[in-house]
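[1] Sequence plus the predicted model coming up.
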Amino acid sequence: MTETMTHLQRLEAETIQIFREAVAESEASVMLYSIGKDSSAMLHLARKAFYPSPLPFPLLHVDTTWKFKDMYAMRDKVAAAPDVELIVHRNPYCVEHGINPFDHGSGVHTDLWKTEGLKQAIDEHRFDLAFGGARRDEERSRAKERIFSIRSAQHRWDPKAQRPELWRLYNARVRPGESVRVFPMSNWTELDIWQYILAEGIEIVPLYFAAPRPVVERDGTLIMVDDERMASRLAPGEEPQLRSVRFRTLGCYPLSGAVESTATTLEEIIQEMLLSTTSERQGRVIDFDSSGSMERKKQEGYF
Amino acid sequence: MSAPESDLIATDIAGYLARQQAKDLLRFITCGSVDDGKSTLIGRLLYESKLVYEDHLAALEVDSKKVGTQGGDLDFALLVDGLQAEREQGITIDVAYRFFSTERRKFIVADTPGHEQYTRNMVTGASTATLAVILADARKGVLTQTRRHSYLVSLLGIRRVVLAINKLDLVDYRQDAFASIEADYRDFAARIGLPDDGITCIPMSALRGDNLVERSARTPWYQGPALLEYLETVPVDAGEAASGPLRLPVQWVNRPSLDFRGFSGTVVGGTVHPGDRVRVVPGGQTSTVARIVTLGGDLDEAGLDASVTLTLTDEIDVSRGDVLAAADAPPEVADQLQAHVVWMSEDEMLPGRPYLLKCGARTVSATLAAPRYAVNVNTLEHTAARTLSLNEIGVCNLSLSAPIPFDPYTANRDTGGFILVDRMTNNTVAAGMIDFALRRSSNIHWQAIEVGREAHAALKGHGAGVVWFTGLSGSGKSTIANLLEKRLHGMGVHTMLLDGDNVRHGLNRDLGFTDADRVENIRRVAEVAKLMTDAGLVVLVSFISPFRAERELARSRVAAGEFVEVHVDTPVEVAERRDPKGLYKKARAGQLPHFTGIDSPYEAPEQPEVRIDTTALSPEEAVEQLLAALAAQGIVTGG
């Protein structure tokens, strides 16, 4: 008999099985690519699922124009790979009206660029299935999310009408206009992802590693001054300071809080993560409003 | 994480990570209602494993004061109850998956509610679990609910159960209270087929943390493990499927270029190596595994649960939904099945309506007959039922639009489990576990036939007849019969070859190798051969057919002069040396009882029409001999 598989091998095998099933059962699939570490791991797993064939779906980046410069560099590098077709979507309304987190607030900014932008892209390309990197351990409301999650033609998620998922059997059937969000890494945890990145040598955005970066402190959160748009909007008395920081999650830079850190290797990041006592999503400003906010966001179509 | 673990993280992160890499994974389900303290138990497990972050803990403190049930103390249940609506109602309404890890192992917990109306959720959670933790209240003992949970767990194929006898603090940690519940439970478990050695009963108080993580001083009379200790050390056995034959449902045909054709899927039974003989089911063609391809390089072996891509040495037709299986132990193929069906939809089952059935990577249309009976999950009684509604379980016959490969659910969860999907709403409406393939008996009357056998034969331009090959396994019957058929076909003769092995996969699949079954095996084939001669065919029958009486029966079914008995005469020592299917080896090892020539007799024909000595003749020479005999009997024209 074979040796028992380790937990990472099991998770990897499960994710690959989900990828293959989703592609076989859909007409036009797409992978949501957010440039973060979970996206990097997901892309790596997708390549494993279909090797030696090239990826059987394009990547979609729903851009807000407010990502870190390092993230755009990483995205362009990924897009240059011969097996990758990258679609970048920017909500034209946001482009036209210059929607930004400073003037419009984090809620409106995220809703219009990301939530609306994603809906537009899915409608425009007529995708009937989209892969996302969300995990069940991220937040309490995600613990009950299915791996194959149905969205209505209006992109709404109905927590009361979820399909039961048994064994390894997934039901991806939808009516015209409806779509499926598939989360192939549902059963991974934050630690699993880091271990996998370490074990497989997966490249991630350098912002995850500590380095001296210019930051200002706002409402107790360290915000990086990544480009001119931020530099020109500093409040009176705000003076960017060079501090050794890194990011635990990456989004729009004015909305992503940095943590002070000296961790410059994956091992040190994992060490820091394990010894820290605050959870990963806390660095995301969007979750702060109230408990249950993520659940509401999902019902409205946030990925 | 535990204290020694956090020390290791601080001082030796590399060493810690190395240990993390080697951890295995246990998936289990917890069953019980809020009243049993289940959410408290899980919340406590997470809390004690130091897996609760400070910000979550802060949220928990706020929530505990706002909606908690512990008078302002930490309400661990709130840590695990997810969706807002249900948190306010204080009940868990769906399956939630939790993750935690200890020094030894990682865990995925399917947390399911215990209320009667949520059979659907328990079945869902149990389908991916290898172990169940069932909660009972020490004051109440084995309740209807406990029995229901145990039945469902057993139905879904879980063979390891922890009965957590909780709230022991409320019965003053009395041993007799615990012991009598344990005795009651073991009694009941035996009735539903849970193995006694798979059951562990633990006296607990989740609220006070007794025997949860560490053994409690308040139960000095209990010698067994604490819950977490047990979960950490119980073997993660993969069950029947791991030791069974290869099963790989093909999910995706991997064809990047004309030079590469691979079949991607997950091993759901047995193991596979390059060089293994595999059979494509339901097609039946065999080939050999050439490579096990992965992005990280080719593998020498892939075991249960591995997701791989196989290439074969032959260009054969394989599509999504086919199963690549061990050549000598393929799954059954059938389009009529009996199954246990769990109804999961608000809309009740409609007998006769076509649903979609998905099993492995194959989807077919299926109609259900009215249930043979429904199972009352509380009393386990069988009751009459005309349909099934939400959360009901019944035993039903299914008729499929096309045959599917399957194994009984008890042998393999993946090739024996299926879901039903409503064609209109696309919702998953039921889950099923295949019991066996059905054999339909019905009242058949003789029908007068106007176009008779002579008319059939006249149209074909040659005689009809049966060429009956008999001989030991490995004597060369199939080889010679195949060759003869090719020759006859080339001569324009309408033929049909009935091969023992093939017929046993279909018509005679229900028969074994006892003497009684061998007799029935031959009787059926003789009948089929007769029907085919009526149709004007030359029927080649290649069966060991060890008994004279049955061969005489076959002879008696057709007209005189239409039966050619061929004894393929190969001494047993020679056949055993050839052993093309490895059967003699198995028989000698005692794995194949009733094997002809070893421990079951072979009665050689006394006066066969043709006797072929395979030690003296090549197959080609044998065919010449046979053609001469057929010409002599006027079945074919000489030439």
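    Now that the structure is in, tell me what you want to look at.

[2] Can you pull up the most central residue in chain B?
    B:Asn412 (2.5 Å; Cα atoms, centre = their mean).

[3] Backbone dihedrals for that residue, both of them.
    Main-chain dihedrals, B:Asn412, degrees, to the nearest 10: phi -160, psi 120.

[4] Identify the residues contacting it.
    Residues near B:Asn412 by Cβ atoms under 8 Å, 6 or more residues apart in numbering or on different chains: B:Glu240, B:Ala241, B:Gly244, B:Arg247, B:Val268, B:Gly269, B:Pro331. The C-beta positions use only the backbone N, C-alpha and C, and glycine is treated the same way.

[5] likewise B:Ser473?
    The contact partners of B:Ser473, taken as Cβ under 8 Å, 6+ apart, are B:Ile544, B:Ala575, B:Lys581, B:Leu583, B:Tyr584, B:Phe595, B:Thr596, B:Gly597.

[6] Closest one of these to B:Ala327?
    B:Lys581 (9.1 Å; Cβ to Cβ).

[7] Find me whatever residue is spatially closest to that closest one, sequence neighbours aside.
    Distance criterion Cβ to Cβ, 6 or more residues apart in numbering or on different chains; nearest residue to B:Lys581, sequence neighbours excluded, is B:Asp328 at 6.5 Å.

[8] How many residues are close by that neighbour?
    15 (other Cβ atoms under 10 Å in any protein chain shown).

[9] Distance to A:Ile197, pLDDT and secondary structure added to the contacts of B:Ser473, as CSV?
    Shown next, in CSV, are the contacts of B:Ser473 (distance: Cβ to Cβ, whole Å; pLDDT from 0 to 100; DSSP: H, G, I helix; E, B strand; the rest coil):
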residue, distance to A:Ile197, pLDDT, secondary structure
B:Ile544, 59, 89, coil
B:Ala575, 58, 89, helix
B:Lys581, 48, 82, coil
B:Leu583, 50, 87, helix
B:Tyr584, 53, 89, helix
B:Phe595, 55, 85, coil
B:Thr596, 60, 87, strand
B:Gly597, 60, 84, coil
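
[10] Wait, a strand at B:Phe99?
    Yes. The assignment for B:Phe99 is a strand, going by DSSP: H, G, I helix; E, B strand; the rest coil.

[11] How about the secondary structure of the residue of the stretch 501-639 of chain B found nearest chain A?
    Nearest to chain A, among the residues of the stretch 501-639 of chain B, is B:Gln591, at 17.9 Å (Cβ to the nearest Cβ). Under three-state DSSP, B:Gln591 falls in the coil class.

[12] quick one: it and B:Gly474, what's the gap?
    Here B:Gln591 is placed at a distance of 16 Å from B:Gly474 (Cβ to Cβ, to the nearest Å).

[13] okay, these two: which has more neighbours?
    More neighbours surround B:Gly474 than the other of B:Gln591 and B:Gly474, with 22 against 10 (other Cβ under 10 Å).

[14] Could you pull up the residues touching that one?
    B:Thr570, B:Ala575, B:Glu576, B:Arg578, B:Asp579, B:Pro580, B:Lys581, B:Leu583, B:Tyr584 are the contacts of B:Gly474 under Cβ under 8 Å, 6+ apart.

[15] Now tabulate those residues in a markdown table and tack on neighbour count.
    Putting these into a markdown table (neighbours: other Cβ atoms under 10 Å in any protein chain shown) gives the following:
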| residue | neighbour count |
| --- | --- |
| B:Thr570 | 23 |
| B:Ala575 | 22 |
| B:Glu576 | 19 |
| B:Arg578 | 14 |
| B:Asp579 | 15 |
| B:Pro580 | 12 |
| B:Lys581 | 14 |
| B:Leu583 | 19 |
| B:Tyr584 | 22 |
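
[16] who does the nearest residue to A:Thr65 once chain neighbours are set aside bridge with?
    Spatial nearest neighbour of A:Thr65, chain neighbours left out: A:Arg90 (6.4 Å); criterion: Cβ to Cβ, 6+ apart. Using DSSP bridges, the beta-bridge partners of A:Arg90 come out as A:Asp63.

[17] you'd agree A:Arg90 is up against A:Gly117?
    Yes. If you go by Cβ atoms under 8 Å, A:Arg90 and A:Gly117 touch, sitting 6.8 Å apart.

[18] Those two: which has the busier surroundings?
    Neighbour count, other Cβ under 10 Å: between A:Arg90 and A:Gly117, A:Gly117 has more, with 23 against 16.

[19] So which bits of the stretch 51-200 of chain A are right by chain B?
    When proximity is defined by Cβ under 8 Å from any Cβ of the partner chain, the stretch 51-200 of chain A lies next to chain B at A:51-54, A:136-137, A:140-144, A:159, A:161-169, A:171, A:173-175, A:186-187, A:189, A:191, A:195, A:198-199.

[20] show me what contacts the closest residue to B:Pro571 other than its chain neighbours?
    Closest residue to B:Pro571 apart from its sequence neighbours, by Cβ to Cβ, 6+ apart: B:Thr615 at 7.2 Å. By Cβ under 8 Å, 6+ apart, the contact list for B:Thr615 reads B:Thr570, B:Pro571, B:Val574.

[21] Sitting in helices, which of the residues you listed do you find?
    Among these, the ones falling in helices (DSSP state H) are B:Val574.

[22] and the contacts of B:Thr615 as JSON lines, adding pLDDT?
    Formatted as JSON lines, the contacts of B:Thr615 follow (pLDDT from 0 to 100):
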{"residue": "B:Thr570", "pLDDT": "91"}
{"residue": "B:Pro571", "pLDDT": "90"}
{"residue": "B:Val574", "pLDDT": "89"}
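
[23] will you turn the contacts of B:Thr615 into a markdown table that also has distance to A:Met71?
    Below are those laid out as a markdown table (distance: Cβ to Cβ, whole Å):
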| residue | distance to A:Met71 |
| --- | --- |
| B:Thr570 | 74 |
| B:Pro571 | 77 |
| B:Val574 | 73 |
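
[24] Just give me the closest of the contacts of B:Thr615 to A:Glu272.
    Once Cβ to Cβ is applied, the member of these that ends up nearest A:Glu272 is B:Val574, at 72.5 Å.

[25] Just give the nearest non-adjacent residue to that closest one, would you?
    Counting by Cβ to Cβ, 6+ apart, the residue nearest B:Val574 is B:Thr615, at 6.2 Å.

[26] ok, now which ones touch A:Lys67?
    Each residue near A:Lys67 by Cβ under 8 Å, 6+ apart is listed here: A:Ile35, A:Arg75, A:Leu250, A:Gly251, A:Cys252, A:Tyr253.

[27] try 6 Å this time
    If a contact means Cβ atoms under 6 Å, 6 or more residues apart in numbering or on different chains, then A:Lys67 has no contacts.

[28] again, but for the one 5 residues further on
    Contacts here follow Cβ under 6 Å, 6+ apart; on that basis A:Tyr72 touches nothing.

[29] So what touches stretch A:214-231?
    Residues contacting stretch A:214-231 (Cβ under 6 Å, 6+ apart): A:Phe68, A:Lys69, A:Arg213, A:Glu238, A:Pro240, A:Leu242, A:Arg243, A:Val245, A:Tyr253, A:Pro254, A:Gly257, A:Ala258.

[30] Distance from it to the middle of the chain?
    In terms of Cα atoms, centre = their mean, to the nearest Å, the centre of stretch A:214-231 is found 22 Å from the chain centre.

[31] Using CSV, write out every CA atom in that stretch.
    Extracted in CSV, the C-alpha atoms of stretch A:214-231 (Å, rounded to 0.1, in the frame of the first residue of the first chain):
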residue,chain,number,x,y,z
PRO,A,214,7.0,55.0,3.5
VAL,A,215,3.9,54.8,5.6
VAL,A,216,1.5,57.1,7.5
GLU,A,217,-0.6,56.1,10.4
ARG,A,218,-4.3,56.7,10.0
ASP,A,219,-6.9,55.6,12.6
GLY,A,220,-4.4,53.2,14.0
THR,A,221,-3.6,51.6,10.6
LEU,A,222,-0.4,51.9,8.8
ILE,A,223,-1.1,53.0,5.2
MET,A,224,1.7,52.9,2.6
VAL,A,225,2.3,56.0,0.4
ASP,A,226,2.7,54.0,-2.8
ASP,A,227,2.4,56.8,-5.4
GLU,A,228,1.7,60.5,-6.0
ARG,A,229,-2.0,60.1,-5.6
MET,A,230,-1.6,59.3,-1.9
ALA,A,231,1.3,61.8,-1.5
